[in-house]
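1. sequence plus the predicted model coming up.
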Amino acid sequence: MAELLITPFTVIHVITCLFLILVVLIQPGKSGGMGALTSGAAQQVFGGGGAGNLMTKVTWVTGSIFFIMSVSLAYMSSSTDSSLEKKAVAAQQRAGGMSKAPAKPAPEKKAPSK
């Protein structure tokens with residue numbers, strides 16, 4: 001079941017990461033940041049005092065989603081039943097019926113001397 005969720009969770013995680021980067025860069029900081037480029041437009045869109053409040057809420061929600069996805073993906077990757085070594089051994093056994101250890105070469109027989 002966890003294998004089915006890893007891909008959608010990874011996609012959501014990457015999208016959330018990119019959106020979080022964008023939201024943080026848009027916020028005007030003490031020195032202006034990238035918000036200085038669009039300070040007039042940002043103030044008009046979000047209102048005078050509401051820009052910080054809305055952007056703060058968006059940042060918190062996006063950061064929370066990012067954190068939850070990070071923890072979920074870490075848990076799913078570490079809670080699998082089999083490791084890569086077990087999977088490799090199983091694949092070898094299915095492919096050629098080989099055992100875990102490589103086969104030892106047979107000892108050479110010496111011809112009888114006269």
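-> Thanks, I have the structure now.
2. going forward, measure contacts between C-alpha atoms and count neighbours the same way
-> OK.
3. what stretches of this protein score poorly on pLDDT?
-> 1-2, 30-52, 79-85, 97-107, 109, 111, 113-114 (pLDDT under 70).
4. most residues in a single helix of it, which one?
-> For the chain, the longest helix by residue count, based on DSSP state H, is helix 50-78.
5. what residues sit buried inside that helix?
-> Across helix 50-78, burial judged by 16 or more other Cα atoms under 10 Å covers 51-52, 55, 58-59, 62-63, 65-66, 69, 73.
6. for residue 96, state which of those residues is nearest.
-> Nearest to residue 96 among the buried residues of helix 50-78 is residue 73, at 34.0 Å by Cα to Cα.
7. surely the closest one meets residue 10?
-> Yes - between residue 73 and residue 10 there is a contact at 7.5 Å, judged by Cα atoms under 8 Å.
8. sorry, back to before: and after the longest helix of the chain, which helix or strand comes next?
-> Next helix or strand after helix 50-78 toward the C-terminus (DSSP states H and E): helix 84-96.
9. can you show me the CA trace of that following helix as CSV?
-> C-alpha atoms of helix 84-96 as CSV (Å, rounded to 0.1, in the frame of the first residue of the first chain):
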residue,chain,number,x,y,z
LEU,A,84,17.7,-3.5,-1.1
GLU,A,85,19.9,-6.5,-0.3
LYS,A,86,17.0,-8.8,0.3
LYS,A,87,15.4,-7.7,-2.9
ALA,A,88,18.6,-8.3,-4.8
VAL,A,89,19.0,-11.8,-3.3
ALA,A,90,15.3,-12.6,-4.2
ALA,A,91,15.9,-11.4,-7.8
GLN,A,92,19.0,-13.5,-8.1
GLN,A,93,17.2,-16.6,-6.8
ARG,A,94,14.3,-16.1,-9.2
ALA,A,95,16.6,-15.4,-12.2
GLY,A,96,18.9,-18.3,-11.9
